[in-house]
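Novice: no FASTA, just this:
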């Protein structure tokens with residue numbers, strides 16, 4: 001049995017391969033381009049990006065493992081001095097071309113902190129997955145959430161409710177007073193306790209990671225051939241603007257990457273290629289677009 005960090009890194013390498021090959025198969029025309037990069041201070045990663053596909057306009061599925069001295073900004077954040085760290089994870093964002101197919105984001109990560117002698121002083125898992133539709137099909141949101149719930153229930157019956165609520169409050173564009181999407185799961189600082197050893201947390205995160213394709217792919221297959229208008233495409237681009245706002249203003253992962261001298265192209269791969277910011281834009285009363293906004297303003301229970 002290797003160390004937890006080796007075990008988890010091997011897992012996310014395999015998961016990256018599974019996810020990118022499935023997405024390529026569905027797209028049918030575009031392939032992922034791979035960049036292997038190194039971080040001067042220690043570590044690196046393997047970024048894979050797909051662009052201008054038949055189904056996927058832009059998507060990134062990245063893994064990284066970085067280590068070294070914890071930067072000062074992060075020391076203040078964690079309330080420690082002179083610590084070293086190791087962080088690894090898989091992060092993905094998929095922006096489909098059709099406004100009928102939702103954007104999806106997921107991330108599963110593991111973190112260790114060390115004292116100057118190299119002893120582990122803290123370790124935890126984090127992650128989650130969430131769905132951002134432009135046109136809301138209730139059964140798609142219910143499907144996504146039911147897969148999330150099943151993965152949680154197999155580990156602990158309280159997890160789904162707790163991590164769904166956290167997801168709703170985390171992916172919240174406070175300056176707009178609305179959710180980024182219809183949520184999913186969000187968990188962080190999952191540390192060893194009497195009930196959950198680190199191995200138990202590992203098993204949980206792996207189960208959630210393994211459920212991702214089952215949560216998302218059926219939705220893509222169901223919606224990718226639906227017809228759509230230029231106006232619907234425009235609405236998608238306006239909503240993508242809100243996605244960008246969240247990632248640049250509120251997202252901790254983006255900020256962590258920027259503050260730890262991460263690879264900028266990998267950090268910003270989550271941004272969609274075509275976006276609009278319309279001045280004071282409001283959808284028509286009674287429209288599908290308005291219905292989406294109402295649900296984003298007060299997150300609901302899907303399962």
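Specialist: Here it is on my side, so go on. As the structure is a computational prediction, the values presented were derived from the model and not from experiment. Numbers count the residues shown, from 1 in each chain.
Novice: confidence score at residue 85?
Specialist: On the pLDDT scale, residue 85 is placed at 94.
Novice: so where's the chain shaky on pLDDT?
Specialist: Applying pLDDT under 70 to the chain flags the ranges 1-2.
Novice: what segments of it are helices?
Specialist: Along the chain, counting by DSSP state H, helices occupy 4-27, 72-78, 138-153, 159-170, 198-223, 230-249, 252-259, 264-267, 288-297.
Novice: which neighbouring elements make contact with the second one?
Specialist: What it means is helix 72-78. Helix 72-78 is packed against helix 252-259, with contacts defined by 3 or more CB pairs under 8 Å, 6 or more residues apart in numbering; DSSP states H and E. Using the backbone N, CA and C atoms, a C-beta is placed for each residue, glycine as well.
Novice: helices or strands up against the helix it packs on?
Specialist: Secondary structure elements in contact with helix 252-259, counted by 3+ CB pairs under 8 Å, 6+ apart, are helix 72-78, helix 264-267.
Novice: tell me the buried residues in it?
Specialist: Using 16 or more other CB atoms under 10 Å as the test for burial, helix 252-259 gives 253, 254, 255, 256, 257.
Novice: residue contacts, the last one?
Specialist: Applying CB atoms under 8 Å, 6 or more residues apart in numbering to residue 257 gives the contacts 263, 266, 267.
Novice: please report the distance of the residue positioned nearest the centre of the chain from residue 264.
Specialist: Compute the mean C-alpha point of the chain, and by CA atoms, centre = their mean the closest residue is residue 106, 2.5 Å away. Here the criterion is CB to CB, to the nearest Å. By it, residue 106 lies 21 Å from residue 264.
Novice: what do you get for residue 145?
Specialist: Per CB to CB, residue 145 is found 33 Å from residue 264.
Novice: more neighbours: which of the two?
Specialist: For residue 145 versus residue 264, neighbours defined as other CB atoms under 10 Å are more numerous around residue 145 (22 against 10).
Novice: list the buried residues in stretch 80-92.
Specialist: 83, 84, 85, 86, 87, 88, 89, 90, 91, 92.
Novice: keep only those of those residues that are in strands.
Specialist: Residues of these located in strands (DSSP state E): 84, 85, 86, 87, 88, 89, 90, 91, 92.
Novice: so what sits opposite the closest residue in space to the fifth one that isn't next to it in sequence in the bridge?
Specialist: Nearest-residue entry for residue 88: residue 65, 3.8 Å, with adjacent residues in sequence omitted and distances by CB to CB, 6 or more residues apart in numbering. Residue 65 forms beta bridges with residue 44, residue 88, as assigned by DSSP bridges.
Novice: so what's residue 65 up against?
Specialist: Contacts of residue 65 by CB under 8 Å, 6+ apart are 5, 9, 43, 44, 45, 86, 87, 88.
Novice: adding distance to residue 285, write those residues out as TSV.
Specialist: Converted to TSV, the contacts of residue 65 look like this (distance: CB to CB, whole Å):
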residue	distance to residue 285
5	53
9	51
43	52
44	51
45	47
86	52
87	47
88	48
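Novice: for the residues you listed, which one is nearest residue 133?
Specialist: The shortest gap between residue 133 and any of the contacts of residue 65 belongs to residue 45, at 29.1 Å (CB to CB).
Novice: measure that closest one to residue 93 for me?
Specialist: Using CB to CB, residue 45 is found at 15 Å from residue 93.
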